[in-house]
Structure formats: structure tokens, C-alpha cells
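In: make a model of this:
(one chain, ligands or ions: 1)
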Amino acid sequence: MEETRGISLCDGLRHPLRSVSGSVEEYIMLHKDTFRTALQKICVKRKVSNVEDLLSEKTTVKPKPRFVRVNTLKTTTGSVIEVLSKMHKVDKDDMVPDMLVLPPGTDMHKHPLVTDGKVFLQGKASCMVAAALSPKPGWKVIDACAAPGNKTVHLAALMNGEGSIIACELNKERAKTLQHTVRRSGANNIETVIGDFLNIDTNDPSYAEVRAILLDPSCSGSGISTERLDHLLPSYSIGNCMLWRLLLRHICTSRIQYENLESALCVHTTLSSS
Ligand SMILES: C[S@@+](CC[C@H](N)C(=O)[O-])C[C@H]1O[C@@H](n2cnc3c(N)ncnc32)[C@H](O)[C@@H]1O
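Out: Numbers count the residues shown, from 1 in each chain. Here you go, the predicted model:
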């Protein structure tokens, strides 16, 4: 990881940024001497003479398999395996139920199973969250920071579409994606709320029935800020920590009753690509 960051940064250092337009660029330029020294150390460690050689080194990273999640609201794992195994080697994941493992590089984006919402292209780490929360059919569940909604619809599938999920999303554009994901999943027990979870009146008596809460606020911008390396900035983590504290306080001071709450999970992801 340290080395990946170094390689990403070195591009900016080798080809001086034409214009310093954002906080990341400013940060890199401010600390360019430190970064250069760190890069030189990596070169020595890897026994290469310069950054170009470092970049052209053959990677030893094993390619990741393609993980897909079967949407059990629309189909069964058995029937998806039957379809996919005609073209690919398919294994069941050993940890997450209804997760299948396909060879690296398998492109499923336009596959009818995906466009029909029978299969979701969802990474293993992402799927482990709803599986760990383990909501039961009939529960009332809050997904406080929901878009694009992959975990929301996974929760719905684990609940067999029974019970109810309140999926809250602050960002209007991302909320549209959330609503699209919900429609594609076929779940009809999800209420999407567009707005700040902090403004939701969780003192409403209906919140007393909440059995599980998913809190997944630490968005890296779905890859955008990963490329921009925003997550390396001190201000980025401070901002996230403050949001975390506010969200947790909102939950703790709400009507949600701990004797009814069986499961609560805070997710902290720093990278969205999986
Ligand atoms: C990490 S993403 C959630 C990913 C989602 N759980 C999934 O698996 O598809 C975090 C989301 O929380 C939203 N968000 C951040 N602060 C929020 C708040 N105070 N209330 C509601 N949503 C918020 C962001 O707009 C972003 O879409």
C-alpha cells in the first residue's frame, strides 16, 4: 500500500503539475521533498536505480477474482451457477452466503443476470457487512448512509423482503442511484429518505422498533477521491471522524431502544474499489 501511494505520487513529482488546482495537489507540492526522499528509499529497497525502473517492474500482485452476489429476492444461487458455469469456472465463496467467485477479469457488466438485477457486482468486503449485521426477516432496520445502495439491497435480500428498511441518503444525485439500485433489486420493503440522517426525527415512536442499524458514512467518493488520494489528507480523516461522532451521537440520543436493538454495525472503509 505504501508503495502504491509512492508510485501514484511520483507521477506528479516526475511531471510537475501544470496547475496546482486542488487540496491534494497543494499537499503534494508542499511536501514534495519528503515524498522524493521516500521514493528514493523505495528505489533502494527494490534495488532499482530510478523511478522509471520502479514503475516498469513486473507486478507480483495476484489478480483478484470477480466476486458477484446473487440477489435471492429474484433468483437462486443454484440457478445462477447453472447459467454462469456454462461459460466460466464458478465457485461458491467460503465465507459469504450467495456470493460467487469467478476468474479475475470476468466482465459481467452487461450480462443479463446483472442488468436484470439477479446478480450484483459487489465486492466481498462490501458483502461481509450486511452478512455480519445479519438482519432477520420482519425486522425494522436503518441504513443511515445508504447510496449507492448495495448494502441496503443485500440487507433486504437477507430479510427475504420481509420487515422494513429505512435507507437514508444525504446527496440528491447519489440518492437517485440508490433508488435505481432498489428498483433493480426488486425489494419492496425499502423506504428511501433523501436528506441528512442527522435531521431525521429518530425520537418518533416508530424508531423504538428498530432492531438493527448500519452506519457506513466514510465514503471515499466511489473511487474518485481514491484516485485523487484525498484520503491521505489529514483534513479528510478529521472530517470523517467528526461525521462519525455526530452520527453516533444522533443514534445514541434517539428513541431507538437498546433492548430492541440486536445488531449495529459501523463500517469504516477508506477505499471503495474492491
Ligand atoms: C460509503 S457511502 C455508503 C455506501 C453504501 N453503504 C453501499 O454499500 O452502497 C456513504 C454515503 O453516505 C452519505 N452520507 C454522508 N453523510 C450523510 C448523512 N449525514 N446523512 C445521510 N447520508 C450521508 C454519502 O453521501 C454517501 O453516499
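
In: need the contact list for the closest residue to the ligand within the stretch 51-200 of the chain.
Out: Residue nearest to the ligand within the stretch 51-200 of the chain (CB to the nearest ligand atom): Cys145, separated by 2.9 Å. To be clear about C-beta, it is placed using only N, CA and C from the backbone, and glycine gets the same treatment. Applying CB atoms under 8 Å, 6 or more residues apart in numbering to Cys145 gives the contacts 168-170, 197, 215-217, 219, 247.

In: can you flag which of the residues you listed belong to strands?
Out: 168-169, 215 (DSSP state E).

In: buried set for the helix or strand harbouring Thr37?
Out: According to DSSP states H and E, Thr37 maps onto helix 32-45. Within helix 32-45, the residues scored as buried using 16 or more other CB atoms under 10 Å are 35, 38-39, 42-43.

In: rewinding a little: of the contacts of Cys145, list those near the ligand.
Out: The subset of these within reach of the ligand, by CB under 6 Å from any ligand atom, is 168-170, 197, 216-217, 219.

In: most neighbours among the residues you listed, which one is it?
Out: Glu169 (26 neighbours; other CB atoms under 10 Å).

In: get me the contact residues on the stretch 51-200 of the chain for the ligand.
Out: So the stretch 51-200 of the chain meets the ligand at 126, 145-151, 168-171, 174, 196-198 (CB under 6 Å from any ligand atom).

In: what ranges do the helices span in this structure?
Out: Along the chain, the stretches classed as helices by DSSP state H are 2-14, 23-30, 32-45, 51-56, 77-84, 112-115, 124-133, 150-158, 172-185, 224-228, 234-252.

In: how about those in a markdown table, adding mean pLDDT?
Out: Converted to a markdown table, those look like this (pLDDT from 0 to 100):
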| stretch | mean pLDDT |
| --- | --- |
| helix 2-14 | 52 |
| helix 23-30 | 72 |
| helix 32-45 | 82 |
| helix 51-56 | 75 |
| helix 77-84 | 98 |
| helix 112-115 | 97 |
| helix 124-133 | 93 |
| helix 150-158 | 98 |
| helix 172-185 | 97 |
| helix 224-228 | 43 |
| helix 234-252 | 66 |
